[in-house]
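**Q** dropping the sequence and predicted coords here.
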Amino acid sequence: MAIIKRIFLFSVVLFFFMFLLLYLNEKLELGMNDTHVELMVTPFTVFMYLLFVFPNLRKDFFKRFWAKDNLTYSICFPILVSIFLVFLINIFRLVPLMFGSGSVVGVGKGQYIEEADLSLLGGLLFHAFFPTFSEEFLFRYLCYGGLFVFFTYTILQKPGNDNSQRTTKFERCVDWFRTKLFVEKNKYFVLSWLLIITTWFAMIHEPDITNFYGYFIPGLVFGIFFLKYGFLSAWLSHASFNALSGVAWTIILNVSSANGII
């Protein structure tokens, strides 16, 4: 019965959320279209649904949301690092052109290219807010905190069983793996998790060998911020990177052209 109530509450919140978004799009001329709803808003609402409906996931998410003991540093530092990183990554895109050995390094085939005429606020919402939350929730939180919740409350903690003793070899293996990665935070397990998730994050953008670094390095940084400072830090870092990508690229092109570099 409780889950039905949570689903109903989520449906009500979703209705008002979509109404507000459509209202803002009309009044502020955000430039939102069906593609934005499908690719940016829908994944966001799906992940919100998970947090609304599953209390164990929600509790764990907010435990990992931010580093309360160092909130200022965990907010400001990721933004500053992303500002540096977005310029560095975009400068490297010009390296082949600078040495006359090729053209500008492109983006991955799977990266969304904006074709609509978005307003400034619309660009922030559909480039920096919705997609970065969804990607960080999927690649960083669900693959770490979500995995911990799944192991703990679905596989290992069963009502009516003596949870102090793992009855099967599979349960003992899961408990060992969970302890190493989430409790002891063994550096080899954490590093392996970070590299695997970062590679997956990079590969969904369908890069080639020339631009793989442009997704792997930022993904690695976002993952480190998540592990060290929590979800908010990774989200802010990712959002800052996306929001400034176009600005950084324009500045780099203008400066390079003015100095005869390209």
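**A** Yes, it's here. Numbering: from 1, shown residues only.
**Q** so what's the residue count around residue 249?
**A** Residue 249 has 18 neighbours, counted by other C-beta atoms under 10 Å. For glycine as for every other residue, the C-beta is placed from the backbone atoms N, C-alpha and C.
**Q** wait, isn't it in contact with residue 90?
**A** Yes: Residue 249 lies in contact with residue 90 (C-beta atoms under 8 Å); the separation is 5.0 Å.
**Q** show me what the least confident helix or strand in the chain by mean pLDDT is packed against.
**A** Within the chain, no helix or strand scores below helix 95-98, which has a mean of 81 by mean pLDDT, DSSP states H and E. Contact partners of helix 95-98 among helices and strands, from 3 or more C-beta pairs under 8 Å, 6 or more residues apart in numbering; DSSP states H and E: none.
**Q** and that helix, C-alpha only, in CSV?
**A** C-alpha atoms of helix 95-98 as CSV (Å, rounded to 0.1, in the frame of the first residue of the first chain):
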residue,chain,number,x,y,z
VAL,A,95,46.5,20.3,-31.9
PRO,A,96,46.4,18.5,-35.3
LEU,A,97,45.5,21.8,-37.0
MET,A,98,48.3,23.7,-35.3
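**Q** following element in sequence after that helix, please.
**A** Moving toward the C-terminus from helix 95-98, the next helix or strand (DSSP states H and E) is helix 120-123.
**Q** and the least confident helix or strand of the chain, how far from the chain's centre?
**A** The chain centroid and the centroid of helix 95-98 are separated by 30 Å under C-alpha atoms, centre = their mean, to the nearest Å.
**Q** over to stretch 109-118?
**A** Its chain's C-alpha centre and that of stretch 109-118 lie 18 Å apart, by C-alpha atoms, centre = their mean.
**Q** do me a favour and get the end-to-end distance for that stretch?
**A** 22 Å (C-alpha to C-alpha, to the nearest Å).
**Q** let me know the average pLDDT across stretch 23-30.
**A** Across stretch 23-30, pLDDT averages out at 92.
**Q** now it: buried residues?
**A** The neighbour-count check on stretch 23-30 (16 or more other C-beta atoms under 10 Å) flags 25, 30 as buried.
**Q** stretch 239-257 too?
**A** Buried residues in stretch 239-257, counted by 16+ other C-beta under 10 Å: 239, 240, 241, 242, 243, 244, 245, 248, 249, 252, 253.
**Q** residue contacts, the residue lying closest to residue 146 once chain neighbours are set aside?
**A** Counting by C-beta to C-beta, 6 or more residues apart in numbering, the nearest residue to residue 146 once its immediate chain neighbours are dropped is residue 57, at 6.5 Å. Residues counted as contacts of residue 57 (C-beta atoms under 8 Å, 6 or more residues apart in numbering) are 50, 51, 145, 146, 149.
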